[in-house]
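J.: Give me a 3D structure for the following:
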Amino acid sequence: MRTPFVGSNAVAAGHLTKGQLRHRYRPIYRDVYVPLRHQVSLRDRILGAALTSDGVIAGVAASAIHGAKWVGDDVPVELVAAGRHQRGLVIRYDTLHDDEVTTVAGVRVTTPARTAFDLGRRLPRGRAVECLDALMNACPFSIEDVMLIAKRHPGVRGLRRLRVALPLVDGGAESPRETWLRLLFVDAGLPRPTTQFVVYDHGRYVRRLDMCWEEFKVGAEYDGEQHLTSRAQYALDVRVNRVLQRLGWHVIHVIKEDYGQDIVEQARSALLARGWQGTVTARAGCP
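T.: This is a model prediction of the structure:
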């Protein structure tokens with residue numbers, strides 16, 4: 001029997017008795033069941049939500065269907081449908097145009113552009129940009145398409161929030177902490193860095209930097225746990241950093257214990273020392 005499944009259907013078909021359903025399985029939504037000791041994943045909850053109605057998966061869960069990473073198994077599943085709210089399932093009563101819905105692996109879901117529209121208008125700015133970065137990285141969408149959707153739905157809530165978040169999206173971010181670091185620099189008035197910049201030494205690959213200001217040869221990298229737990233990674237980093245220094249690069253290495261103000265001051269000092277004049281073109285918003 002597939003997991004999850006509709007309990008009443010399984011009983012009606014003779015696959016299970018009511019007693020077996022009650023003692024061997026547990027519900028994740030009303031009348032949607034999984035085996036008693038089954039570890040429920042986000043995928044299970046999405047498939048279960050799809051079984052509860054003919055609605056459309058939306059929001060962060062939709063971004064996961066489109067391949068976005070860093071989505072926890074515990075995020076609420078949003079479903080555009082008529083029905084009652086229940087634990088772990090958020091019902092949205094939105095209007096969806098036909099071209100704002102697609103089907104992925106048999107599940108009806110909002111398109112990447114419509115998913116971005118919903119994420120940008122419903123989530124706080126930092127969280128919205130994290131989710132939009134992850135979606136753009138996995139399944140590139142057009143900012144123009146998102147704004148066309150906004151024009152179709154002029155009265156919905158959160159359009160101002162959406163217009164703030166969209167110009168900050170960068171699919172080059174490969175983790176939520178990289179998004180956080182980039183926004184830290186932008187909010188401090190530093191130039192917007194280029195993400196995933198590849199450094200070569202006479203045509204030979206050296207390093208792909210998380211982000212950098214190429215003109216000034218200043219880079220920044222967020223060092224995760226692998227840099228501390230892997231001796232091989234540590235040794236490689238040391239050798240690569242020697243090459244980067246020889247090529248004239250100043251790379252700021254950021255760890256989770258660092259304070260934001262200290263990180264910004266390191267970057268600001270390095271940029272000023274290498275010719276940055278301390279002025280940034282005003283950040284443009286979406287029309």
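J.: for the nearest residue to residue 134 once chain neighbours are set aside, what are its contacts?
T.: Computed as C-beta to C-beta, 6 or more residues apart in numbering, the closest residue to residue 134 that is not its neighbour in sequence is residue 68, at 4.1 Å. The way it works is simple: take the backbone N, C-alpha and C, and place the C-beta from them, glycine included. Applying C-beta atoms under 8 Å, 6 or more residues apart in numbering to residue 68 gives the contacts 60, 131, 134-135, 137-139.
J.: now swap in residue 42 and tell me
T.: Taking C-beta under 8 Å, 6+ apart, we find residue 42 in contact with 61, 64, 71-75, 77.
J.: The residue nearest to residue 134 in helix, strand or coil?
T.: At residue 68, secondary structure determined by DSSP: H, G, I helix; E, B strand; the rest coil is coil.
J.: how much space between it and residue 263?
T.: Applying C-beta to C-beta, to the nearest Å, the value for residue 68 to residue 263 is 26 Å.
J.: same question, residue 12
T.: From residue 12 to residue 263 the distance is 60 Å (C-beta to C-beta).
J.: and if you look at residue 146?
T.: 30 Å.
J.: Repeat that for residue 179.
T.: 14 Å.
J.: The two: which is more packed in?
T.: residue 179 (27 against 20; other C-beta atoms under 10 Å).
J.: As a check, name the ranges of all strands in the stretch 1-150 of the chain.
T.: If DSSP state E, counting those that start in this stretch is used as the criterion, the strands of the stretch 1-150 of the chain fall at 5-6, 25-29, 32-35, 56-58, 77-80, 89-92, 101-104, 107-110.
J.: which one of those lies closest to residue 279?
T.: Residue 279 sits nearest to strand 107-110 of all those, at 40.1 Å, using C-beta to C-beta.
J.: Let's see the closest one as PDB, backbone CA atoms only.
T.: Coordinates of each C-alpha in strand 107-110 appear next as PDB, following Å, rounded to 0.1, in the frame of the first residue of the first chain:
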ATOM      1  CA  VAL A 107       1.000  16.800  -7.800                       C
ATOM      2  CA  ARG A 108      -0.700  20.100  -8.800                       C
ATOM      3  CA  VAL A 109       1.600  22.900  -7.700                       C
ATOM      4  CA  THR A 110       2.000  26.600  -8.300                       C
END
